[in-house]
Each structure stands twice: as structure tokens, then as C-alpha cells.
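> no FASTA, just this:
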């Protein structure tokens, strides 16, 4: 049975990961007096915003899809994002996926760092991104590069899991804030250590809070708590064949809501734009930001 | 006497320049970097009680963890009740600081809040004198 693209296996995996996330949140929540994120509702696109120094953001990303002639899947990753400096943010991801009639597996990890070379705000703000990933059978689709497409999702987990991919990924992130809008562009280059050619991709996003000014009183469902926008991303081929052909492209609206306790929930249906793409991906995420994370431990020791 | 190579002097100059720059920005020298037209900007929410209340909410959400709930400052972060913030800095100066941040000193940019919320929090901070 596949309801809303979510299979029984995917639901079981969702429940397991959800329990782990709740347990983690339950352990950390008492030490968090005020955890307020103000995030853009992007799933693939990076903005120029860095994590505030000392803050830890924990985010759970999911992508659910049903490729034609393939099995439904849910790719998940848990992200730990920490602001080391005002100009340096580091992130660590643990990835996994569940595929209908196959298995639920841990697919690997990623470690990324973002650096902001210019200290002040400009019309366009560049950020440099470098990532190392050690991954196999990944279905979280955190980016599309090279000739990635729906056919990659037809390989059974037991075979795909044997194909370990160790890659370095570089991104140029450009972001602007104009009249309440955030507009972000990412240019991606990825190199597999196995000797494959450089693969390229892009991601674009634009979003805006539904209301810019804050209300005088605390509210849960007022417009300032919502951000809405649109996101588009896809592959650009590789060093042997650059372009939009023979690769997947996605476009979709995206929205997030920040609860009064600071938790942010985001959702986006994303539509494949060509025959290489999965027709529809449903993405959702939950995130929590712990302000001055380590200071809570210091205080508790005193 | 052997002459030192040019790269040594370049490196020494860069280190010295960096140290001076860090020292200069640590004592509120950011105020001298604010362009005149930014300094003269007027807070569109000034004297609005609702903006003050909204600004307090924003302050508690985003600023209090570093500057303290009462804005008196913490071990590493400055008080916002100081003469520099309350008397020397104009609303425009504070807006410029919140938009650009002072990253070398750990002060992030708050441009993601958007102009209206930045002005609202300035209303609140300026009411603390």
C-alpha cells in the first residue's frame, strides 16, 4: 500500500527516526530556555546566513518519492549545525533511507563547512562551501549533480549499498536580502575520489516571511511565523558533457512555520520538470535551534 | 648581515594590521565605520508602544542569550545600557550594526530579521536607558 507516497516500511522508519528525534529533543529541551530559529524554508538551497556563534541547530530532513517502475522510498538525514565563528559554520549529517519491499539502511555521513569571506552585508553576499561525504545508496537528494536521475533509484539497496561513494563537494553560495525577500543561488561542483569527472549542479531559492514586522503579543499562527517561497534545483551535467540534458530538474513551492517554542516545521512538494526526474517529491523537515549551546552545560556545572 | 626576505615583512605587516584591526573593532570602533547616510536614518517605529513590545519579544528571542535578559551584558558580550549604545549611537548606527554585524567580535548579522523587526528591537534597546 502506498498512501501519499509513504509506504509501510517508510512509515516504520519514520516512526523510528521520529522517536529518536523526540528522545534527543526531550533530553536537550530542559536546558533550552529560549530556542528560536528564523530560518528560510529551503531544503536544497543554502542561503548566505551563517549559524550564530555558539548556537547549535538540529534539523531532521526527509524526502519521500515514488520513482516510476521503482519502489517508494523515504530518505532522511539528521543535521547538526554549529556556529564556530561569525564567519564559519560547520555541519555534520547522518543519512539513512527506507525503501519499500527492500530495507532500511544507514547510508553514510557528510561533514561540511561554510565560510563567509566578506564581513559586511552587500547586495550579493558570497559564501564558500566545502563538504566531504562518505555515502552509499543515498536517497535524501540534498542536491542534484551530474546526470543524477530517477534511474538511480531503481538499483536495489543490497547492490547500491556496496557502491561506496567518497566525494568532495564545493559550492559557491550567493545570497541577497531585498525588501524582506531572500534570494539565494548555489553553484555546485562535486568530485568522486574514484576518478569520475567533476559533476555540476545548481539550486535557486526565493522566500519571504508572510509578515515582516513582529506582533506586540506572542502568537502561534500569525503571519510573521510563516515563511513561504519557491525552490528550484537540478543537475548541470559533468566535465564531459555540461548542460541541462540527461539530468533531473525539480521545482516547487515551500513553506515553514516557527512554533512559539522555537521549533520550525517545513514542507514542500517538489515536481520533476523532465522525464529524468521523479514526478513528485514530498519534503518535510523539523528543526530546533539551541542558543549558546555549550553555555548551558557550563552553567549547569557551576 | 643577511637581509630578510620580502615575504617575511609582508607577513609581519599583515599580522600587525590584523591585530590592530581586531583591537580597534573590539572597543566600539564599529561606530566610526557607519556611513553618514546610515547614521542619519530615522526609526519609522519610534515612539510606538506596540513596536516597543514587539521589540522586547525579539530581544528576548534573539539577543538576550548573549547580552543578558536585562541587557546588562555578560562576561564576553557588552551591555546595551552603556553610554555608547544609549547616547553615542543613533538609531541609524544600531540599524547598521544589526544589518552588518561585527563578525570578528562574534556579533552576527541580523539582516534575516528584516528591516521592520530590526527597527522594532532598536526601539526596545533605546528604551532601556
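Ah, there it is. Just so it is clear, the structure is predicted and the values come from calculations on it, not from any experiment.
> contacts and neighbour counts: CA atoms only from here.
Fine.
> do you know how far the residue in the stretch 151-300 of chain A that chain B sits nearest to is from residue A:200?
Residue nearest to chain B within the stretch 151-300 of chain A: residue A:216 (4.1 Å; Cα to the nearest Cα). When Cα to Cα, to the nearest Å is applied, the distance between residue A:216 and residue A:200 equals 46 Å.
> Quick one: neighbours of the residue of the stretch 151-300 of chain A closest to chain B, just the number.
17 (other Cα atoms under 10 Å in any protein chain shown).
> which sections of chain A are below the confidence cut-off?
Residue ranges of chain A with pLDDT under 70: A:1-38, A:298-302.
> lowest average confidence, helix or strand, in chain B?
Among the helices and strands of chain B, helix B:6-26 carries the lowest confidence by mean pLDDT, DSSP states H and E, at a mean of 57.
> The helix or strand following that helix and chain A, are they touching?
Per DSSP states H and E, helix B:6-26 leads on to helix B:30-33 as the next helix or strand towards the C-terminus. No: Helix B:30-33 is not in contact with chain A by Cα under 8 Å from any Cα of the partner chain; minimum separation 10.9 Å.
> in the next helix or strand after helix B:30-33, what's buried?
Using DSSP H and E, the next helix or strand after helix B:30-33 towards the C-terminus is helix B:36-39. Across helix B:36-39, burial judged by 16 or more other Cα atoms under 10 Å in any protein chain shown covers residue B:39.
> Kindly report the same for stretch B:69-79.
B:71-73, B:77-79.
> of all those, which comes closest to chain A?
residue B:77 (12.3 Å).
> For the closest one, which residues are in contact?
By Cα atoms under 8 Å, 6 or more residues apart in numbering or on different chains, the contact list for residue B:77 reads B:66-67.
> and what of residue B:97?
B:30, B:109.
> pLDDT at it, what is it?
The per-residue pLDDT reported for residue B:97 equals 95.
> what helix or strand does it sit in?
helix B:91-100.
> circling back to that earlier point, quick one: least confident of the buried residues of stretch B:69-79?
Within the buried residues of stretch B:69-79, the minimum per-residue pLDDT falls on residue B:77 (87).
> is it true that that residue lies in a strand?
No: Residue B:77 is assigned coil when assessed by DSSP: H, G, I helix; E, B strand; the rest coil, not a strand.
> Single out the residue in chain B that lies closest to chain A.
Of all residues in chain B, residue B:54 sits closest to chain A, at 4.1 Å by Cα to the nearest Cα.
> Pretty sure that residue sits against residue B:118.
No: between residue B:54 and residue B:118 there is no contact under Cα atoms under 8 Å: 10.4 Å.
> So the two - more neighbours on which side?
residue B:118 (25 against 21).
> What parts of chain B come near chain A?
For chain B, the residues in contact with chain A (Cα under 8 Å from any Cα) are B:50-55, B:57-58, B:61-62, B:65-66, B:99-104, B:106-109, B:111-117, B:120.
> could you redo the last one with a cut-off of 6 Å?
B:50, B:53-54, B:61, B:100, B:103, B:106, B:108, B:114, B:116-117 (Cα under 6 Å from any Cα of the partner chain).
> which SSE is the spatially most central residue of chain A in?
Of all residues in chain A, the one closest to the mean position by Cα atoms, centre = their mean is residue A:43, 4.1 Å from it. For residue A:43, there is no enclosing helix or strand under DSSP H and E.
> how close does it get to residue B:88?
Distance from residue A:43 to residue B:88, counting by Cα to Cα: 42 Å.
> likewise residue B:42?
15 Å.
> In the helix or strand harbouring residue A:177, which of the residues would be classed as buried?
Assigning secondary structure by DSSP H and E places residue A:177 in strand A:165-178. Judged by neighbour count (16+ other Cα under 10 Å), strand A:165-178 contains these buried residues: A:165-177.
> and if you look at stretch A:245-261?
Applying 16+ other Cα under 10 Å to stretch A:245-261 flags A:246-259, A:261 as buried.
> same deal with stretch A:274-285?
Here stretch A:274-285 shows A:276-285 as buried, counting by 16+ other Cα under 10 Å.
> Just the terminal-to-terminal distance for that stretch.
Chord length of stretch A:274-285, first to last residue, is 25 Å (Cα to Cα).
> cool, and stretch B:66-74?
First-to-last distance for stretch B:66-74 - Cα to Cα - comes to 7 Å.
> Check the gap between residue A:288 and residue A:39 for me.
Taking Cα to Cα, one finds residue A:288 at 10 Å from residue A:39.
> And for residue A:286?
To residue A:39, residue A:286 is 11 Å away according to Cα to Cα.
> check contacts around residue A:139.
Shown in contact with residue A:139 (Cα atoms under 6 Å, 6 or more residues apart in numbering or on different chains): residue A:75.
> Show me what whichever strand or helix holds residue A:254 is packed against.
Per DSSP H and E, residue A:254 falls inside strand A:249-258. Contact partners of strand A:249-258 among helices and strands, from 3 or more Cα pairs under 6 Å, 6 or more residues apart in numbering or on different chains; DSSP states H and E: strand A:226-238, strand A:264-272.
> Pull up the residues of chain A that are close to chain B.
By Cα under 6 Å from any Cα, the residues of chain A that approach chain B are A:36, A:86, A:120-121, A:180, A:213-216.
> what about 7 Å?
Within chain A, the positions near chain B by Cα under 7 Å from any Cα of the partner chain are A:34, A:36, A:52-53, A:85-87, A:119-121, A:180, A:212-217, A:291-292.
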